[in-house]
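In: have a look; sequence and predicted model below, questions after that.
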Amino acid sequence: MYDEILLATDGSDDAAAAADHALDHAERYDATLHLVSVVETRTAYDNAIVDPETVAGNLRKEARKTLDLLAERAEAAGVETTTEILEGVPHEAIENYAAERDVDLILLGTQGRSAFKRALLGSTTDSIVRSRVAPVLVVGEDRD
């Protein structure tokens, strides 16, 4: 049913919950799991106080750490993975990646690390759900 599954993560709690589902689906369907994280290029740090390249470098390091941990979990489960750090507007980068690789399923967290916690869906998730690039499974952490 699924040969290519994409998990887009920002390291948030909801993305971690989506990772559990992504690993389960990839293992169940013997699918390749594409692990991606997007470094946002539209930055609020574009001023003389904070160097945007320093911020981007820190975000890339954090993304690499998250992707490496997920890849280790996938390897332990026998799931084939690819990892990639993308740059740009998150929903556009994820949609382009999915389209270029003929992804069969995209998994995302309900909300990312954005400050807009009251929204039902985060803006990136909302945009990807509406894009119709591939079926999307949206997962949130259990909030009892």
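Out: That came through, no problem.

In: now do residue 2 against residue 62, distance only.
Out: As judged by CB to CB, to the nearest Å, residue 2 and residue 62 stand 28 Å apart. For the C-beta atoms, the positions are set from N, CA and C on the backbone; glycine is no exception.

In: could you do residue 51 as well?
Out: Residue 51 is 16 Å from residue 62, where distance means CB to CB.

In: strands of the chain, start to end?
Out: Here the chain has its strands, by DSSP state E, at 4-8, 32-40, 81-88, 105-109, 136-139.

In: CSV for the ones you listed, including distance to residue 124, mean pLDDT and mean neighbour count?
Out: Formatted as CSV, these follow (distance: least, CB to CB, whole Å; pLDDT from 0 to 100; neighbours: other CB atoms under 10 Å):
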stretch, distance to residue 124, mean pLDDT, mean neighbour count
strand 4-8, 8, 97, 26
strand 32-40, 8, 95, 22
strand 81-88, 11, 96, 16
strand 105-109, 7, 94, 27
strand 136-139, 11, 92, 18
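
In: okay if I get those strands as TSV plus distance to residue 126?
Out: Below are the strands of the chain laid out as TSV (distance: least, CB to CB, whole Å):
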stretch	distance to residue 126
strand 4-8	13
strand 32-40	15
strand 81-88	17
strand 105-109	10
strand 136-139	9
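
In: burial measure for the residue nearest to residue 127 when sequence neighbours are not counted, as a count.
Out: Spatially, and ignoring its direct neighbours in sequence, residue 127 is nearest to residue 91 (3.7 Å; CB to CB, 6 or more residues apart in numbering). Neighbourhood size, residue 91 [other CB atoms under 10 Å]: 22.

In: mind listing what residue 91 touches?
Out: 123, 124, 127, 128, 131 (CB atoms under 8 Å, 6 or more residues apart in numbering).
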